[in-house]
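K.L.:
Okay, here's the prediction I keep looking at, along with the sequence it came from:
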Amino acid sequence: MKHLVAILAVFLLMGSQTLAQETIPEPENLEDLPGFVMLNKPVVCGPIKEVLKKIKDFNEVPAAAWMESEHKTSIGFWINENTGTTTVAELVGDKMCILSQGMSGVKIPITKKIKGMPIKYLTF
């Protein structure tokens with residue numbers, strides 16, 4: 001229950017207009033990015049409490065949260081470091097949308113190698 005309260009507090013604070021950036025840069029034009037494409041990816045959305053209950057059922061805990069700049073929505077990342085399950089969800093109005101769920105997730109230092117993971121793409 002304490003994790004649920006913490007998660008909701010993060011989303012409520014992040015959703016506050018006072019924390020939003022004053023000026024948000026315009027999204028880049030895909031015509032200026034050769035080789036980039038826009039994909040339509042279906043996502044599942046549901047009542048916030050129900051989505052958070054499902055995340056809790058996997059014993060995932062919040063690991064990161066941020067504000068999506070273009071649409072000014074809150075996004076959270078949860079992980080269960082014991083089982084490796086992960087969830088990325090976005091708060092959209094009165095719904096929470098699951099953007100991604102995964103397995104074999106780990107919090108990684110940049111130097112750690114993960115079987116099958118192209119680690120070279122994680123370093124900048």
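P.N.:
Cool, the structure landed. Fair warning: this is a prediction, and the values are worked out from it, not measured in the lab.
K.L.:
Only C-alpha atoms from now on, for both contacts and neighbour counts.
P.N.:
Noted.
K.L.:
secondary structure class for Lys49?
P.N.:
What DSSP: H, G, I helix; E, B strand; the rest coil gives for Lys49 is helix.
K.L.:
ok, it to Lys95 distance?
P.N.:
9 Å (Cα to Cα, to the nearest Å).
K.L.:
likewise Trp66?
P.N.:
17 Å.
K.L.:
what do you get for Ile48?
P.N.:
5 Å.
K.L.:
what's the answer for His71, then?
P.N.:
His71 is 14 Å from Lys95, by Cα to Cα.
K.L.:
ok, now Gly105?
P.N.:
On the measure of Cα to Cα, Gly105 and Lys95 end up 25 Å apart.
K.L.:
go on, Ala63?
P.N.:
The value you get for Ala63 to Lys95, if Cα to Cα is used, is 20 Å.
K.L.:
okay, His71 and Lys95: which has more neighbours?
P.N.:
Between His71 and Lys95, counted using other Cα atoms under 10 Å, the more crowded position is Lys95 (16 against 9).
K.L.:
what sits opposite the more buried one in the beta ladder?
P.N.:
Pro47, Val92 (DSSP bridges).
K.L.:
Once you drop chain neighbours, what's closest to Ser74?
P.N.:
Met67 (4.7 Å; Cα to Cα, 6 or more residues apart in numbering).
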